[in-house]
Every structure is written in C-alpha cells, then in structure tokens.
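> Quick one, fold the following:
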Amino acid sequence: MKAGDLVTFSAYAEQLQGLSRWSTRYREYKNKPPLVGLIISVSPSRHGWEGQQYHVRWMEREGPRGGDGQWGQDTFYRKDLKFVSRGR
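Presented below is the predicted three-dimensional model:
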C-alpha cells in the first residue's frame, strides 16, 4: 500500500472492539455505505515487529482516529486495512 490508495477495513479490523461502530455490519444496519478512506502517508512503525503505519483520511467526518477507535494511536497497520475493490 502507498499514499493515494483507497482502503476500507479488513476482516480482522471488522472484529476489533474499538472499530465495531464503523464495521460493515453496523453500517448496513444504519443504511450507510461502507467506510472508505484515502492513505495520506506511510511511516515506519515505532515498534519494529509491526511493519509500517498508515495514516488514513476517511471520506466521512466521523471516521475512526486509529486502529483502536477514537483514542490512543492515530494510525493503522496493514492488517487493519484492505484495498477498496473496483466497481463495475
């Protein structure tokens, strides 16, 4: 993944407690489309075992701040994100 890619939550992130408010299942219940974001920057992880950190700007004002929801870190890891599939 690189800056400029469109992303959404992976299956792993959908199961995290902190991100449940933005999960696909919850959004379908509220009649909202899936959450989509744009990677604005990529930086090395503060912890060597985590890989790279991705800063994402969500297309909705109320998107999550980071991989744990609204508090704490303001970045996501690769396992939290997946590419948005192209529509027909």
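> what about the strands in the protein?
6-9, 37-44, 52-58, 76-77, 81-83 (DSSP state E).
> so which of those gets nearest Arg27?
strand 6-9 (10.1 Å; CB to CB). Just so you know, the C-beta spots here come from the backbone N, C-alpha and C atoms, and that holds for glycine as well.
> returning to that earlier point: for the strands of the chain, which one ends up most surrounded?
Between the strands of the chain, strand 76-77 has the highest mean count of neighbours, a mean of 22, where neighbours are mean count of other CB atoms under 10 Å.
> Quick one: mean pLDDT for that one?
Averaging pLDDT along strand 76-77 gives 88.
> Would you mind pulling up the elements that that strand packs against?
The contact analysis (3 or more CB pairs under 8 Å, 6 or more residues apart in numbering; DSSP states H and E) places strand 76-77 against strand 52-58.
> for this protein, what helix or strand is lowest in average pLDDT?
Using mean pLDDT, DSSP states H and E, the weakest-scoring helix or strand in the chain turns out to be helix 24-29, at a mean of 80.
> Pull the number of nearby residues for the residue lying closest to Lys82 once chain neighbours are set aside.
The shortest distance from Lys82 to any non-neighbouring residue, by CB to CB, 6 or more residues apart in numbering, is to Ser10 (4.4 Å). Ser10 is flanked by 17 other residues according to other CB atoms under 10 Å.
> One more: the one 3 residues further on?
Burial measure for Ala13: 21 neighbouring residues, criterion other CB under 10 Å.
> Then the one 5 residues further on?
Using other CB under 10 Å, Gly18 has 16 neighbouring residues.
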